[in-house]
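> Starting from these lines, generate the structure:
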Amino acid sequence: MTKLSVNINKIATIRNARGGDNPNIVEAAKACERFGAEGITVHPRPDERHIRYSDVIELKPVLTTEFNIEGYPSKNFVDLVKSVRPAQVTLVPDSPDQITSNAGWDTKANFDFLTEIVGEMTELGIRTSIFVDANAEMIEQAAKIGADRVELYTEPYASAYAKDPAKAVKPFVDAAKVARKCGLGLNAGHDLSLENLAYLHERIGWIDEVSIGHALICDALYLGLEETIHRYLVCLK
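Numbers count the residues shown, from 1 in each chain. A predicted model of the protein is given here:
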């Protein structure tokens, strides 16, 4: 069964735009869980423009589902993850000033760096996922690094979906098969939505987890958070 992890970064963006503590991040995360989300994802960035490091610390003791912290493994990020010890850390090759993720790791060029980070996380019992493009070599290198999972960067699929769903999904089906052959778990994320999620899941039924934030929070403005989460879960049945 594919789990839905709700990325709550955008909720933090709304809070930060006005200052104060409204909407409250902890209460929003608890509501997502109450409405059926099977995980909570956060992606703290160095400038804390949405999720703050303090939010991550406050969330850990109250969450009842899997907590996934994603980000670039700088020293500060690694120290945060080690102190919080989430169920999963997703390593993403973001530069500090990026608005959002736009590519996966070159796991060959960064093999030694990632191997060290993954080793540290594994020693602490934290599941590791490496954010990659739908590229067989990058996935194979992730397996050699010792990662538990890879997360497929799905923006190219989402962008091409409307024109030709079958063509758009094919590289991701192929990549998912490589991950399975390598013994890796499989996550997916970025620009997944109510429009394209069900088809991806239909073609790759062994995805362990999808992490969805921007589209889900946008849908919640129209549909309400509870109904939105319900509709995303239906896409994964």
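> Could you use CA atoms for every contact and neighbour count after this?
Fine.
> What residues are bridge-paired with the nearest residue to residue 5 once chain neighbours are set aside?
Of all residues not flanking residue 5 in the chain, residue 39 sits nearest, at 4.0 Å (Cα to Cα, 6 or more residues apart in numbering). Beta-bridge partners recorded for residue 39 (DSSP bridges): residue 5, residue 66.
> Could you pull up the contacting residues of residue 39?
By Cα atoms under 8 Å, 6 or more residues apart in numbering, the contact set of residue 39 is 3-6, 33, 65-68.
> how close does it get to residue 67?
6 Å (Cα to Cα, to the nearest Å).
> Need the residues touching each of the two.
With Cα under 8 Å, 6+ apart, residue 39 and residue 67 have no common neighbours.
> mind checking the SS state of the residue nearest in space to the middle of the chain?
The residue lying closest to the centre of the chain (Cα atoms, centre = their mean) is residue 211, at 4.1 Å. Following DSSP: H, G, I helix; E, B strand; the rest coil, we place residue 211 in the strand state.
> which residues does it contact?
Residues near residue 211 by Cα under 8 Å, 6+ apart: 4-7, 41, 187-190.
> Can you select the buried ones from those residues in PyMOL?
Buried members of these, defined by 16 or more other Cα atoms under 10 Å, are picked up in PyMOL with:
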select buried, resi 4+5+6+7+41+187+188+189+190
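> which other helices and strands contact the top helix by length along the chain?
Taking DSSP state H as the criterion, the chain has its longest helix at helix 165-181. Applying 3 or more Cα pairs under 8 Å, 6 or more residues apart in numbering; DSSP states H and E, one finds that helix 165-181 contacts helix 136-145, helix 155-161, strand 185-189, helix 197-203.
> outside of the helix or strand that comes right after the first one, which residues touch it?
For helix 136-145, the succeeding helix or strand toward the C-terminus, using DSSP states H and E, is strand 149-153. Outside of strand 149-153, the residues within contact range by Cα under 8 Å, 6+ apart are 90, 102-104, 127-134, 139, 142, 172, 179, 184-190.
> Centre of the chain to strand 149-153, how far?
8 Å (Cα atoms, centre = their mean, to the nearest Å).
> Can you point out the helix or strand that includes the closest residue to residue 220 other than its chain neighbours?
The shortest distance from residue 220 to any non-neighbouring residue, by Cα to Cα, 6+ apart, is to residue 228 (5.5 Å). Assessed by DSSP H and E, residue 228 sits inside helix 225-235.
> what's the distance between that helix and the middle of its chain?
17 Å.
> one step back: residues contacting the residue nearest to residue 220?
Contacts of residue 228 by Cα under 8 Å, 6+ apart are 216, 219-220.
> I'd like to know which of the residues you listed are buried.
Buried members of the contacts of residue 228, counted by 16+ other Cα under 10 Å: 216, 219.
> Just name the closest of the contacts of residue 228 to residue 110, please.
For the contacts of residue 228, the residue nearest residue 110 by Cα to Cα is residue 216; the value is 32.0 Å.
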